[in-house]
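Visitor: 3D, please:
(one chain, ligands or ions: 2)
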Amino acid sequence: MAAKQPGVTVRVPAKVNLCLNVGPTDGDGYHQLATVFHAVDLTDDVTVRPSRHWECTITGPYADKVPTGHANLAMRVAQRLADECYEAGPVSMTIDKSIPVAGGMAGGSADAAAAMIAVDQLFNLQLTKLDFTDLAAEIGSDVPFALTGGTAFGSGRGDQLAPVLTTGRYEWVFALHHEGLSTPKVYAEFDRLNAHRKIGFPQVPGELLAALRSGDPRELAGALSNDLQEAAVSLMPRLQDTIDTGLAEGALGAIVSGSGPTVAFLTADRSAALDLMVALTASGVADDVVSASGPHPGARVISTIRPV
Ligand SMILES: C[C@@](CO)(OP(=O)(O)O)[C@H](O)COP(=O)(O)OP(=O)(O)OC[C@H]1O[C@@H](n2ccc(N)nc2=O)[C@H](O)[C@@H]1O
Ligand SMILES: Nc1ncnc2c1ncn2[C@@H]1O[C@H](COP(=O)(O)OP(=O)(O)O)[C@@H](O)[C@H]1O
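Guide: Ligands and ions are numbered 1, 2, ... in the order given. As a prediction, the model looks like this:
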């Protein structure tokens, strides 16, 4: 029997920001954030195999929207590690993509985090936790959270993480839109809308932390907030219809996920989530509807085939 080709597969979750409090910009033009990230079991699988040439194949419903060269954040990570570590070399990468693209769920950052772990394991680089954290923050502000997963407080650009005490699991429904929203454009629209408002130092509301400790989805629904929501709706007004329809159909709470345009609905339990999925699909206010639950762990190896 022929030996299987060596390779490592890492599974990585999407995120939703339970609160996204946007503060003033830092010296580099990035907004200071106080956010609570929450990982859900809507995942991508990133596989790397040693190869003579760099290759990237994307599979899944979003394949045609994702770049396969150096613009792909996961390829960028793998190429960076090959440049810096003599043990590492070119890889053939496959991304089995289920996380919506440009949807405010940090799919590109998730794949970058997965690639870091996969390449480390494939070439036995033995990167330290500090190596991971430094490279993650350099690639994108959401990458450190994709490594840790769960539910976490993010400050700075969202890359400085601290644990948040949570109980229970939460059942979500996500209303997806084929058209994406560009994160820089949403921040620029936030700036335009807030040009004459006073922006304070960003903070996570205490009621959100209390709700997460309680484990009660009703309490959490009342504490969801996103300062980028107004900007996302301004750029894509039909999001308001999506939000209103989900709430009218029984969602406990609704929030634009990060910079959008995905809308996240919190439901009471799995059965309510399935009912809401059916209602949203029938209403036609979203291009696609998926359910997921959280919190979910961060990037994890799910299969390793070592060279023989
Ligand atoms: C909004 C959030 C919420 O978690 O994620 P998404 O919902 O898009 O996934 C993040 O802040 C996405 O951060 P990041 O991953 O660094 O953003 P990128 O897509 O790389 O876009 C970078 C550009 O967005 C703007 N930007 C980004 C982050 C930030 N804290 N302030 C900013 O002003 C800047 O114009 C920057 O040049
Ligand atoms: N591995 C990747 N998966 C998805 N998008 C990627 C990836 N690498 C680079 N991109 C680019 O990043 C952009 C933002 O993608 P994504 O991370 O999915 O969205 P968001 O910033 O809204 O969370 C995409 O439009 C795409 O051009």
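Visitor: and the gap between residue 13 and residue 115?
Guide: Distance of residue 13 to residue 115, computed by Cβ to Cβ, to the nearest Å: 15 Å. Heads up, the C-betas are built off the backbone N, CA and C, glycines and all.
Visitor: Please apply the same query to residue 195.
Guide: 38 Å.
Visitor: These two - which one has more neighbours?
Guide: residue 115 (31 against 8; other Cβ atoms under 10 Å).
Visitor: Now do the contacts for that one.
Guide: Residue 115 makes contact with 10, 46, 48, 73-75, 77-78, 93 under the criterion Cβ atoms under 8 Å, 6 or more residues apart in numbering.
Visitor: So it: helix, strand or coil?
Guide: helix (DSSP: H, G, I helix; E, B strand; the rest coil).
Visitor: Do you know the pLDDT at residue 305?
Guide: At residue 305, the model reports a pLDDT of 87.
Visitor: In the sheet, which residues pair with it? Tell me.
Guide: residue 7 (DSSP bridges).
Visitor: What sits closest to residue 65 if chain neighbours are left out?
Guide: residue 101 (4.2 Å; Cβ to Cβ, 6 or more residues apart in numbering).
Visitor: which SS class is that neighbour?
Guide: Going by three-state DSSP: residue 101 is coil.
Visitor: Isn't it up against residue 63?
Guide: No - look at residue 101 against residue 63 with Cβ atoms under 8 Å: they stay out of range, at 9.4 Å.
Visitor: which of those two has more neighbours?
Guide: Taking other Cβ under 10 Å, residue 101 and residue 63 do not tie; residue 101 has more neighbours (19 against 14).
Visitor: So what does the more buried one look like in phi/psi?
Guide: phi -90, psi 140 (degrees, to the nearest 10).
Visitor: any idea how far residue 297 is from it?
Guide: On the measure of Cβ to Cβ, residue 101 and residue 297 end up 22 Å apart.
Visitor: do the same with residue 197
Guide: Applying Cβ to Cβ to residue 197 and residue 297 gives a distance of 38 Å.
Visitor: neighbour count winner among the two?
Guide: residue 297 (13 against 7).
Visitor: from the chain's centre, how far out does stretch 280-294 sit?
Guide: 17 Å (Cα atoms, centre = their mean, to the nearest Å).
Visitor: tell me the average confidence for it?
Guide: 97.
Visitor: List the contacts of that stretch.
Guide: By Cβ under 8 Å, 6+ apart, stretch 280-294 touches 13-14, 16, 38-42, 100, 151, 169-178, 238, 241-242, 245-246, 249, 263, 265, 270, 273-274, 277.
Visitor: how about the residues of this structure near ligand 1?
Guide: 17, 20, 29-31, 33, 104, 106, 109, 140-142, 157-158, 183-184, 187, 258-259 (Cβ under 6 Å from any ligand atom).
Visitor: Just the contacts of stretch 280-294: which are in helices?
Guide: 238, 241-242, 245-246, 270, 273-274, 277 (DSSP state H).
Visitor: Report the two of those residues separated the most.
Guide: 238 and 270 (28.0 Å; Cβ to Cβ).
Visitor: out of the contacts of residue 115, which is most surrounded?
Guide: Busiest of those [other Cβ under 10 Å] is residue 74, holding 31 neighbours.
Visitor: Convert the C-alpha atoms of the worst-scoring helix or strand of the chain on mean pLDDT to PDB, please.
Guide: For the chain, the helix or strand with the lowest mean confidence is helix 129-139, at a mean of 90 (criterion: mean pLDDT, DSSP states H and E). Provided in PDB are the C-alpha atoms of helix 129-139 (Å, rounded to 0.1, in the frame of the first residue of the first chain):
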ATOM      1  CA  LYS A 129       4.200  31.300  22.100                       C
ATOM      2  CA  LEU A 130       5.800  34.700  21.700                       C
ATOM      3  CA  ASP A 131       6.800  33.900  18.100                       C
ATOM      4  CA  PHE A 132       3.100  33.000  17.400                       C
ATOM      5  CA  THR A 133       1.800  36.200  19.100                       C
ATOM      6  CA  ASP A 134       4.300  38.500  17.400                       C
ATOM      7  CA  LEU A 135       3.700  37.100  13.900                       C
ATOM      8  CA  ALA A 136      -0.100  37.000  14.400                       C
ATOM      9  CA  ALA A 137      -0.400  40.700  15.400                       C
ATOM     10  CA  GLU A 138       1.900  41.600  12.500                       C
ATOM     11  CA  ILE A 139      -0.400  39.900   9.900                       C
END
